[in-house]
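S.K.: Sequence isn't available, so here's the structure alone:
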């Protein structure tokens, strides 16, 4: 029997239950993967609380790394013993072993450890599509990035440095500011005591930035808009503080601004495109330009505790479950 986290109703972390489940042989087009590490992402909290609806009961998590134990008929490019990761699978990654579609699996290359891959599968690929596709950075830009000491944020700090981009990052504490700067963030704004838009204007000689990447949402919306240059772009890639509601007349008044709400699904398909994204990410890892290790680890049975830590904003970098 396998072990998996299940939940039968939406609510707080206490709804997450560890259960024994049957995991059979993979069917056509499927693979069975034994997990080494399972990533905990903020989107998991959205599913648990019902902000993003799921049919219940259900599992949780879509991001893990491990080794292929078996493959079903018709599977090509993946073999037993391969180290793989995934970020687009169906919910259920919070488990020690599972069966899932083989076409979501991404081979992990030599020179990239399971621990590193576990921090970068979702978070690194998120940084890739934000920086290389949604608003493609060429180098030389100055950008504003919210939650710079978070899981995606620390990857973004490193990717910005690798591209020659000056990143202004917001953080909640001085300790997190130190961590962000150590990872390549050029300037930090401590939101508990600094005015975000005012500081951005100071750092850019009054010009503002061409793009803001905002995963916080409601609490930072106005500061994000006020930090942009005319015809600048707000990339609203998360709503950890609440949903974003924008009056389009406000966009005109503040400089004919653009707003996009991207989703990984629309940037990582088809599968060949996902593999190309991973190649770019892992190329930077092997070149030593991006590093990653989990900053917080919890046993699979302690998934609720991991959620409480993430929601409290006391974590930095990546958080993983270890089956």
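M.R.: Received it, and whenever you're ready, just let me know what you need. The structure displayed is predicted, hence computed values, not measured ones. Residues are numbered from 1 along each chain as shown.
S.K.: So residue 157 belongs to a helix, correct?
M.R.: Yes - under DSSP: H, G, I helix; E, B strand; the rest coil, residue 157 sits within a helix.
S.K.: For residue 221, which non-adjacent residue is closest in space?
M.R.: Nearest non-adjacent residue to residue 221, counting by CB to CB, 6 or more residues apart in numbering: residue 244, 5.5 Å away. C-betas here are computed from N, CA, C, even on glycine.
S.K.: same question, residue 27
M.R.: residue 72 (4.9 Å).
S.K.: and that neighbour, what does it touch?
M.R.: Counting by CB atoms under 8 Å, 6 or more residues apart in numbering, residue 72 makes contact with 25, 26, 27, 28, 29, 30, 31, 102.
S.K.: Please enumerate the helices of the stretch 201-323 of the chain.
M.R.: Remark: helices assigned in the stretch 201-323 of the chain by DSSP state H, counting those that start in this stretch are 221-226, 248-253, 271-286, 303-311.
S.K.: how far out from the middle of the chain is stretch 280-287?
M.R.: Distance, stretch centre to chain centre, for stretch 280-287: 17 Å (CA atoms, centre = their mean, to the nearest Å).
S.K.: Show me the contact partners of that stretch.
M.R.: Contacts for stretch 280-287 (CB under 8 Å, 6+ apart): 108-109, 111-112, 116, 120, 124-125, 127-128, 132, 158-159, 162, 290-292.
S.K.: Would you mind checking those residues for buried ones?
M.R.: Neighbour-count burial (16 or more other CB atoms under 10 Å) applied to the contacts of stretch 280-287 gives 108, 112, 116, 120, 124-125, 127-128, 132, 158-159, 162, 290, 292.
S.K.: ok, of the residues you listed, which one's closest to residue 20?
M.R.: residue 108 (28.2 Å; CB to CB).
S.K.: and the closest residue to the closest one other than its chain neighbours, what are its bridge partners?
M.R.: Sequence neighbours aside, residue 83 is the residue nearest to residue 108 in space, at 4.3 Å (criterion: CB to CB, 6+ apart). Residue 83 has these beta-bridge partners by DSSP bridges: residue 67.
S.K.: rewinding a little: for the residue nearest to residue 221, give me its contacts.
M.R.: So residue 244 contacts 217, 218, 221, 236, 261 (CB under 8 Å, 6+ apart).
S.K.: All set now, cheers.
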